[in-house]
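# Sequence first, predicted coordinates after that:
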Amino acid sequence: MGNDKEFRKVNQILGASPKIGPFPTELVFPWIVISLSLFFIFYVFLNLPWLWVVLIVAWGDSTWWVLTGSRPHKFLSKFVPVPRWTRGVYQHAGIKGCHSKEHSKKPHVKRKKIKTF
C-alpha cells in the first residue's frame with residue numbers, strides 16, 4: 001500500500017494561522033490603530049471628504065499588510081535594537097598584589113592608617 005514512514009495529515013487546519021476571510025487576524029489590531037489615526041488626521045483635523053479618507057485608510061492598511069505579510073517577523077525584527085556589547089580591559093592583580101616590573105618602577109604611595117574602634 002503506502003509507505004509507513006510518510007507523515008499523513010489528519011486535520012488540514014492544524015498548524016494554520018487564524019483568518020477572518022482572506023485577512024490574517026494578527027493584522028486586526030494594527031489596522032485599527034492605523035485606521036483611527038489616519039481618520040483623525042485626515043477627516044477631523046484636515047477636513048478631507050469621506051472618499052479621500054477611505055482611500056487613505058485603505059492605502060495605510062494595505063501598506064502594513066504588504067510590509068508584514070504572512071511573516072511579520074522579517075520586517076518588524078528590523079526595529080528591535082541590537083544589544084550593545086562592550087569589552088572591558090582590566091589589569092590583573094594577584095591576591096598578594098602586582099609584582100610586575102612596571103609596578104615596581106612606580107613610586108610607592110604611603111596611605112594613612114584609619115583608626116577603628
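Now that the structure is in, tell me what you want to look at. Numbering: from 1, shown residues only.

# Please make it C-alpha for all contacts and neighbour counts, starting now.
Will do.

# so where do the strands sit in this structure?
Under the criterion DSSP state E, the chain carries strands at the ranges 19-20, 23-24.

# With mean neighbour count added, can I get the ones you listed in a markdown table?
As requested, the strands of the chain are arranged in a markdown table below (neighbours: other C-alpha atoms under 10 Å):
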| stretch | mean neighbour count |
| --- | --- |
| strand 19-20 | 10 |
| strand 23-24 | 13 |
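
# Val57: which of those is closest?
strand 23-24 (15.8 Å; C-alpha to C-alpha).

# Rounded mean pLDDT for the closest one, please.
Mean pLDDT, strand 23-24: 78.

# cool, stretch 64-71 as well?
Averaging pLDDT residue by residue across stretch 64-71 gives 79.

# returning to what we had before: can I get the strands of the chain in JSON lines including distance to Val66?
Below are these laid out as JSON lines (distance: least, C-alpha to C-alpha, whole Å):
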{"stretch": "strand 19-20", "distance to Val66": "16"}
{"stretch": "strand 23-24", "distance to Val66": "12"}
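
# what's the closest of those strands to Thr68?
strand 23-24 (10.7 Å).

# May I have the strands that pair with that closest one, each with its orientation?
strand 19-20 (antiparallel) (DSSP bridges).

# what residues does the partner strand touch?
Strand 19-20 is contacted by residues Thr25 when judged by C-alpha atoms under 8 Å, 6 or more residues apart in numbering.

# Sketch out the low-pLDDT regions of this structure for me.
1-4, 8-9, 70, 72, 88-90, 92-117 (pLDDT under 70).
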